[in-house]
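sequence unavailable; structure follows:
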């Protein structure tokens, strides 16, 4: 798959399953496009607080981050501290937190989708790729 051209399609940007065999190619294409790539390791996260802490740390959220859903959206929809041509967020090891705090994890993905919509209005691609083995989220699509 030609990730470099796909990642520039602002109208398709959003939240997707991580491609099974193309993570290295995806990251390489993102970097060639001038996208900032964030890797968020969710291994061992058990609840909303730990989920938000992992995201905030990996994405270098400002000190004012309030550790709630509204603050998560505000930070995702701004990212002024990391100016780039686009953004890729890779949520790694999601099965555990999905199993332990499913409602919070789904809410998190919905906020990522809302942030992608905000970025689309500005003409900037914002992608989130979810590394999960289980298929417990019906609306989460495969890219391509």
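Noted; the coordinates are in hand. If you're wondering where the values come from, they're calculated on a predicted model, not measured in any experiment.

alpha carbons only for contacts and neighbour counts from here, please
Noted.

need the longest helix for the chain.
helix 102-121 (DSSP state H).

ok, now which ones touch residue 88?
With contact set as Cα atoms under 8 Å, 6 or more residues apart in numbering, residue 88 has these partners: 30, 35-38, 126-129.

and for residue 48?
By Cα under 8 Å, 6+ apart, the contact set of residue 48 is 101, 104-105.

try it again at 10 Å.
Going by Cα atoms under 10 Å, 6 or more residues apart in numbering, residue 48 touches 54, 67-69, 97, 100-105, 107-108.

buried residues in the longest helix of the chain?
For helix 102-121, the neighbour count (16 or more other Cα atoms under 10 Å) marks 102, 104-105, 108-109, 111-120 as buried.

from the chain's centroid, how far away is the helix or strand following it?
Later in the chain than helix 102-121, the nearest helix or strand by DSSP states H and E is strand 126-130. From the chain centre to the centre of strand 126-130 is a distance of 4 Å (Cα atoms, centre = their mean, to the nearest Å).

any idea of the mean pLDDT for strand 126-130?
For strand 126-130, mean pLDDT rounds to 96.

partners of that strand in the sheet?
Note on strand 126-130: by DSSP bridges, its sheet partners are strand 15-17 (parallel), strand 86-92 (parallel).

now tabulate those in TSV and tack on distance to residue 61 and mean pLDDT.
Shown next, in TSV, are the strands paired with strand 126-130 (distance: least, Cα to Cα, whole Å; pLDDT from 0 to 100):
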stretch	distance to residue 61	mean pLDDT
strand 15-17	20	93
strand 86-92	13	97
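
out of those, which is closest to residue 3?
strand 86-92 (12.0 Å; Cα to Cα).

roughly how far out does the helix or strand that comes right after that closest one sit from the chain middle?
As assigned by DSSP H and E, the chain's next helix or strand after strand 86-92 is helix 95-100. In terms of Cα atoms, centre = their mean, the centre of helix 95-100 is set 16 Å apart from its chain centre.
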